[in-house]
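Peer 1: could you look at this predicted model? Sequence included:
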Amino acid sequence: MMNSNPATPMNANAPSSSGSPDPNTPRRNSKRPKYSRFTQQELPACKPILTPKWVISAFMLVTIVFIPIGLASLFASRDVVEIVDRYDNACLTGSKSQKVQAIQSATTNKTCVRTITVSKRMKQPIYIYYQLDNFYQNHRRYVKSRSDTQLRNRGDENDTSTCKPENEDANGRPIVPCGLVAWSLFNDTYSFSTSNRELRVNKRHISWKSDRDDKFGSDVFPKNFQKNETLVGGGTLNESIPLSEQEDLIVWMRTAALPTFRKLYGKIEEDIEAGETINVVLENRYNTYSFSGKKKLVLSTTSWLGGKNNFIGIAYLAVGGLCFLLATTFTIIYLFKPRHLGDPSYLSWNRNPGGH
């Protein structure tokens, strides 16, 4: 018997002809992401076609920019006057053991006189560096042997737990500044003069301003530093001057990454003419003989690029020359053996119709 009511469906469980799901039917969980132009990669995009003209033009542009920069950098570096004088072997002679014994002896005269001839006019300021070779300031235990909080705050002078083995003196009192880095402070000194005048060395502002202002406290003073007379590492510090003004220490405490490094000692703010002779009276106190290290005195001027450094100019010239070579090669290929853009004959299946 057929249902005479047309409003009543034949099968209540049948899906709706309109395609909308039945609200009473539980929805199946789907991992399909929500549609967006980003997930479907339909956002507007620039898709440049690297035609031969564009590639050649790009290489030529790099050539035009890099080669002048490289030449300017090389000329600036060559204008820098740099004098390097190694003095550790000249000031002490003999075997290694004899040198170590002499440098550690308190009675040995450490004064050494060196003569340097200036071959080219040196314009002020003339920067004075000391260079150490085979000195590993980047050694993990050496770098960690310091207390930055102690250097910065007066109230943290007892915070020496990270400074071992140089954290306390023989009487158990805290050392300020503590640690191996400060203990091994470089202590060779230099004085300069010519035949007619003394060259004064300005040691102000040789360290980073951020180090003076933020890392070394103006109310932190040295205490019990280098008081162990049986084992002295390097230089001493004036206990009446705060650490923020002891710039030799600040320069030394910024540890170097490589075993050969230079650190700024001071500045000579006078011109030195070509042919003049500089007499250097130095105190050879720092012991590099135990580990076969080298000590060098460096006098250098600067240019708009900084100190003497040929690497930047050579690198720019090398990249510019390589781009010029590539641009020339691509131009010759494009002129004598051109290839049409989008030519289907270059497809692998067209070059090998058999598919082999």
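Peer 2: Structure received. Numbering: from 1, shown residues only.

Peer 1: and the gap between the closest residue to residue 177 other than its chain neighbours and residue 137?
Peer 2: Spatial nearest neighbour of residue 177, chain neighbours left out: residue 151 (5.7 Å); criterion: Cβ to Cβ, 6 or more residues apart in numbering. (Glycine included, C-beta is placed from N, CA and C.) Distance, residue 151 to residue 137, by Cβ to Cβ, to the nearest Å: 17 Å.

Peer 1: how far is stretch 160-172 from where the chain is centred?
Peer 2: On the basis of Cα atoms, centre = their mean, to the nearest Å, stretch 160-172 sits 31 Å off its chain's mean C-alpha point.

Peer 1: where do the helices sit along the stretch 201-350 of the chain?
Peer 2: 209-210, 247-253, 311-336, 348-351 (DSSP state H, counting those that start in this stretch).

Peer 1: which residues does the host helix or strand of the residue nearest to residue 177 contact?
Peer 2: Following DSSP states H and E, one finds residue 151 within helix 148-152. Residues outside helix 148-152 that contact it (Cβ atoms under 8 Å, 6 or more residues apart in numbering) are 156-157, 159-160, 163, 174, 176-178, 214-217, 220, 243, 253.

Peer 1: for the helix or strand following that helix, packing partners?
Peer 2: Downstream of helix 148-152, the next assigned helix or strand under DSSP H and E is helix 180-183. Packing partners of helix 180-183 (3 or more Cβ pairs under 8 Å, 6 or more residues apart in numbering; DSSP states H and E): helix 140-144, helix 247-253.

Peer 1: next, format those as TSV and append mean neighbour count.
Peer 2: Below are the helices and strands packed on helix 180-183 laid out as TSV (neighbours: other Cβ atoms under 10 Å):
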stretch	mean neighbour count
helix 140-144	12
helix 247-253	21
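
Peer 1: out of those, which is closest to residue 125?
Peer 2: helix 247-253 (15.6 Å; Cβ to Cβ).

Peer 1: what is the rounded mean pLDDT of that closest one?
Peer 2: For helix 247-253, mean pLDDT is 95.

Peer 1: ok, residues contacting it?
Peer 2: 146, 151, 177, 181-182, 185-186, 203-208, 211-212, 215-216, 235, 237, 243-244, 263-265.

Peer 1: just the ones of these in strands?
Peer 2: Judged by DSSP state E, the contacts of helix 247-253 include 263-265 as members of strands.

Peer 1: dump those into CSV; add neighbour count as well.
Peer 2: Formatted as CSV, the ones in strands among the contacts of helix 247-253 follow (neighbours: other Cβ under 10 Å):
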residue, neighbour count
263, 18
264, 17
265, 20
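
Peer 1: distance to residue 289 for those - can I get that in a markdown table?
Peer 2: Converted to a markdown table, those look like this (distance: Cβ to Cβ, whole Å):
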| residue | distance to residue 289 |
| --- | --- |
| 263 | 19 |
| 264 | 24 |
| 265 | 20 |
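
Peer 1: and the helices in the stretch 1-150 of the chain, which stretches?
Peer 2: Taking DSSP H, counting those that start in this stretch to define them, one finds helices in the stretch 1-150 of the chain at 52-78, 88-91, 96-104, 140-144, 148-152.

Peer 1: nearest to residue 339, out of the ones you listed?
Peer 2: Residue 339 lies closest, by Cβ to Cβ, to one member of these: helix 52-78, at 7.9 Å.

Peer 1: so for the closest one, mean pLDDT?
Peer 2: 95.

Peer 1: residue 151 and residue 137: who's more crowded?
Peer 2: residue 151 (25 against 20; other Cβ atoms under 10 Å).

Peer 1: what's the pLDDT at the more buried one?
Peer 2: 93.

Peer 1: of all the helices and strands packed on helix 180-183, which lies closest to residue 347?
Peer 2: Across the helices and strands packed on helix 180-183, closest to residue 347 is helix 140-144 (Cβ to Cβ), at 57.7 Å.

Peer 1: send me the closest one as PDB with only the CA atoms.
Peer 2: Listed in PDB are the C-alpha atoms of helix 140-144, where the atom choice follows Å, rounded to 0.1, in the frame of the first residue of the first chain:
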ATOM      1  CA  ARG A 140      88.000  26.900  27.200                       C
ATOM      2  CA  ARG A 141      89.300  26.800  30.700                       C
ATOM      3  CA  TYR A 142      91.200  30.100  30.300                       C
ATOM      4  CA  VAL A 143      88.200  31.900  28.900                       C
ATOM      5  CA  LYS A 144      85.900  30.700  31.700                       C
END
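
Peer 1: packing partners for it?
Peer 2: helix 180-183.

Peer 1: any residues touching the helix it packs on, and which ones?
Peer 2: Helix 180-183 is contacted from outside by 137, 141-143, 145-146, 163, 165-166, 225-226, 233-234, 249, 252-253, 255, using Cβ under 8 Å, 6+ apart.

Peer 1: ok, the very next helix or strand once past that helix: who's next to it in the sheet?
Peer 2: Sequence order places strand 189-193 as the next helix or strand after helix 180-183, per DSSP H and E. Paired with strand 189-193 in the same sheet, following DSSP bridges, are strand 198-199 (antiparallel), strand 277-283 (antiparallel).

Peer 1: need the winner for burial among the ones you listed.
Peer 2: strand 277-283 (a mean of 17; mean count of other Cβ atoms under 10 Å).
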